[in-house]
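S.K.: need a structure here:
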Amino acid sequence: MKNLLKNNIAFNFLIAVTLIIALSAFVQTSKWLAPETANAKKNPLTSDEPTIAAGKIIYGKECASCHGKKGKGDGPSAAALDVPVGDMSSPETQKQSDGSLFWKISEGRKPMPGLKKKLTETQIWQVVIYMRTLKTK
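M.R.: Sure thing, here's the model as predicted:
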């Protein structure tokens with residue numbers, strides 16, 4: 001009876017671990033959508049040369065190692081990750097609202113860290129504006 005109970009506990013544990021792994025894989029491959037409130041948020045900055053230059057510096061320090069200098073998702077750290085890195089130049093990324101991009105940079109999603117504790121809101125908005133310059137032509 002004790003062996004049956006131990007086997008049942010081990011089996012249930014194995015099922016739970018398998019479900020957790022499957023769920024985490026699903027979450028990483030599912031579309032990453034910002035909440036509607038974030039999506040509607042407007043960028044308070046204007047797209048001018050000083051703002052773009054500031055965003056480029058921050059992007060270079062915080063984003064380029066994974067997303068690459070041109071935003072293609074081909075940075076030197078990208079190969080070591082379990083999930084594909086987003087292409088900042090793609091039409092899919094570029095069609096997202098500034099508020100959505102701001103939210104994603106702020107919050108992050110594993111393996112991408114959220115930057116709201118590291119960067120100011122102004123800096124995150126600057127990165128969003130710089131990201132707009134990466135669109136595929």
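
S.K.: domain parsing for the chain?
M.R.: 1-30, 34-132 (automatic domain parsing).

S.K.: Let me know which of those is tucked in deepest.
M.R.: For the domains of the chain, the largest average neighbour count (mean count of other Cβ atoms under 10 Å) is found in domain 34-132, namely a mean of 16. From N, CA and C alone the C-beta is placed, and that goes for glycine too.

S.K.: If you average the pLDDT over that one, what comes out?
M.R.: For domain 34-132, the mean per-residue pLDDT is 96.

S.K.: Ramachandran coordinates for the closest residue in space to Asp74 that isn't next to it in sequence?
M.R.: Nearest in space to Asp74, with sequence neighbours left out and distances taken as Cβ to Cβ, 6 or more residues apart in numbering, is Gly68 at 4.2 Å. Reported as degrees, to the nearest 10, the phi and psi values for Gly68 are phi 90, psi 160.

S.K.: roughly how far apart are Gly68 and Val85?
M.R.: Gly68 sits 8 Å away from Val85, going by Cβ to Cβ, to the nearest Å.

S.K.: Mind listing the shared neighbours of the two?
M.R.: With contacts defined as Cβ atoms under 8 Å, 6 or more residues apart in numbering, the residues adjacent to both Gly68 and Val85 are Asp74, Gly75, Ala78.

S.K.: list the contacts for the last one?
M.R.: Spelled out, that is Ala78. Here Ala78 is in contact with Cys66, His67, Gly68, Val85 (Cβ under 8 Å, 6+ apart).

S.K.: With secondary structure and distance to Lys95 as added columns, please give these in a markdown table.
M.R.: Putting these into a markdown table (DSSP: H, G, I helix; E, B strand; the rest coil; distance: Cβ to Cβ, whole Å) gives the following:
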| residue | secondary structure | distance to Lys95 |
| --- | --- | --- |
| Cys66 | helix | 21 |
| His67 | helix | 17 |
| Gly68 | coil | 20 |
| Val85 | coil | 18 |
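
S.K.: looking at it, Gln126 is touching Ala54, isn't it?
M.R.: Yes: when contacts are counted by Cβ atoms under 8 Å, Gln126 is listed as touching Ala54 (4.6 Å).

S.K.: Now do the helix or strand harbouring Thr122: which elements does it pack against?
M.R.: Assessed by DSSP states H and E, Thr122 sits inside helix 121-132. Judged by 3 or more Cβ pairs under 8 Å, 6 or more residues apart in numbering; DSSP states H and E, helix 121-132 is in contact with helix 49-62, helix 98-107.
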